[in-house]
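Trainee: One predicted model, sequence on top.
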Amino acid sequence: TFKEEFGHCNVPQAYAANKSLGHWCHSIRVAYKHVQQGMSTSYNLSKDRMERLEEIGFQWQITDFNTRCIELMAFKEEFGHCNVTTRFPANPSLGRWCSTLRGAYRKIQKGMETKTNLSQDRIARLEAIGFQWQITGYDKRIAKPRNYSQLFDKRCFELETFKEEFGHCNVPQAYAANKSLGHWCHSIRVAYKHVQQGMSTSYNLSKDRMERLEEIGFQWQITDFNTRCIELMAFKEEFGHCNVTTRFPANPSLGRWCSTLRGAYRKIQKGMETKTNLSQDR
């Protein structure tokens, strides 16, 4: 079903529309690595199952190129072009990647060698997205939507819709159901930090707009606790319980976090102090 909708099987680990599927795909790739290294794994990953996944189009390793192409398509959907600069606040590494590609392309055109893997297939794929190998000085400006006012209203509506479905406004940056919304939320938080630090920002983040977002329930900073709770809910949906161990291959840091919480809870029950912030609300 995912492949029919998106044309590939690269389900993001934080895929909000189906968190269990995202975590499962990640776990399967980890298990595959263990199998290839002769290590044991808790997943029954037989040869028949591997072949079935490969027939669907499942990739055992998602290359950085595929990930960047997905980000580039999200950028184009947001801004109408692929001229990402290194000053793009939401994802400066994407801008650096685009710059590296253009440098590699110029070398190839001159018959020079390049360390960047830029095959003809990749060149064709980038051009199909709308990537330009040369951009003018005018196009190198920081990306801005042509009508930010309309875009802001649209994103607020999408954010309200997301909240109705999931009960919060913590849209993952790699939210596959609406990549533009995920990137926009991330960009808005970056812009907010800049405003708080007295820095300039390409986003028109006025007091009225900040208040409107806060009324919806938008959080300017997603705490680690909230993030972990979301991961824990995804784990429970997948396995039916919350007993995450530190050996959980898909997310060992979640297991360590759970272990730390249990240790802190035991100290609290004994009347001891703990550095972990484990309030009654939590």
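Mentor: Sure thing, it's come through. Numbering: from 1, shown residues only.
Trainee: Report the buried residues of stretch 50-66.
Mentor: Of the residues in stretch 50-66, 50, 53, 58, 62, 65 count as buried by neighbour count, 16 or more other CB atoms under 10 Å. Every residue, glycine included, has its C-beta placed from N, CA and C.
Trainee: ok, now stretch 163-179?
Mentor: Of all the residues in stretch 163-179, those buried under the rule 16+ other CB under 10 Å are 163, 169-179.
Trainee: How about stretch 263-282?
Mentor: Neighbour-count burial for stretch 263-282, with 16+ other CB under 10 Å as criterion, is recorded at 264, 278.
Trainee: Now that stretch: average pLDDT?
Mentor: Mean pLDDT, computed over stretch 263-282, is 85.
Trainee: What are the contacting residues of it?
Mentor: Residues from elsewhere that reach stretch 263-282, judged by CB atoms under 8 Å, 6 or more residues apart in numbering: 225, 260-261.
Trainee: Ok, stretch 38-53 next?
Mentor: For stretch 38-53, the surrounding residues in contact (CB under 8 Å, 6+ apart) are 27-28, 30-32, 34-35, 249.
Trainee: Mind putting the contacts of stretch 263-282 into CSV with neighbour count?
Mentor: What follows is these, written out as CSV (neighbours: other CB atoms under 10 Å):
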residue, neighbour count
225, 14
260, 14
261, 17
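Trainee: so how far is stretch 65-76 off the chain centroid?
Mentor: 11 Å (CA atoms, centre = their mean, to the nearest Å).
Trainee: Could you do stretch 151-167 as well?
Mentor: Taking the mean of its C-alpha atoms, stretch 151-167 sits 18 Å from the chain's own mean (CA atoms, centre = their mean).
Trainee: And stretch 153-173, by the same measure?
Mentor: The gap between where stretch 153-173 is centred and where its chain is centred comes out at 16 Å by CA atoms, centre = their mean.
Trainee: For it, list the C-alpha coordinates in CSV.
Mentor: As requested, C-alpha coordinates have been extracted for stretch 153-173 and formatted as CSV (Å, rounded to 0.1, in the frame of the first residue of the first chain):
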residue,chain,number,x,y,z
ASP,A,153,-3.1,29.9,6.8
LYS,A,154,-2.8,26.7,4.9
ARG,A,155,-0.2,25.2,7.2
CYS,A,156,-2.3,26.2,10.3
PHE,A,157,-5.3,24.4,8.8
GLU,A,158,-3.1,21.3,8.1
LEU,A,159,-1.7,21.5,11.7
GLU,A,160,-5.2,21.6,13.1
THR,A,161,-6.1,18.6,11.0
PHE,A,162,-3.0,16.7,12.2
LYS,A,163,-3.9,17.6,15.9
GLU,A,164,-7.4,16.3,15.4
GLU,A,165,-6.0,13.0,14.2
PHE,A,166,-3.1,12.5,16.6
GLY,A,167,-3.9,14.7,19.6
HIS,A,168,-0.8,16.9,19.4
CYS,A,169,1.1,19.2,17.0
ASN,A,170,4.5,17.4,17.1
VAL,A,171,4.6,16.7,13.3
PRO,A,172,7.7,14.7,12.5
GLN,A,173,10.1,16.5,10.1
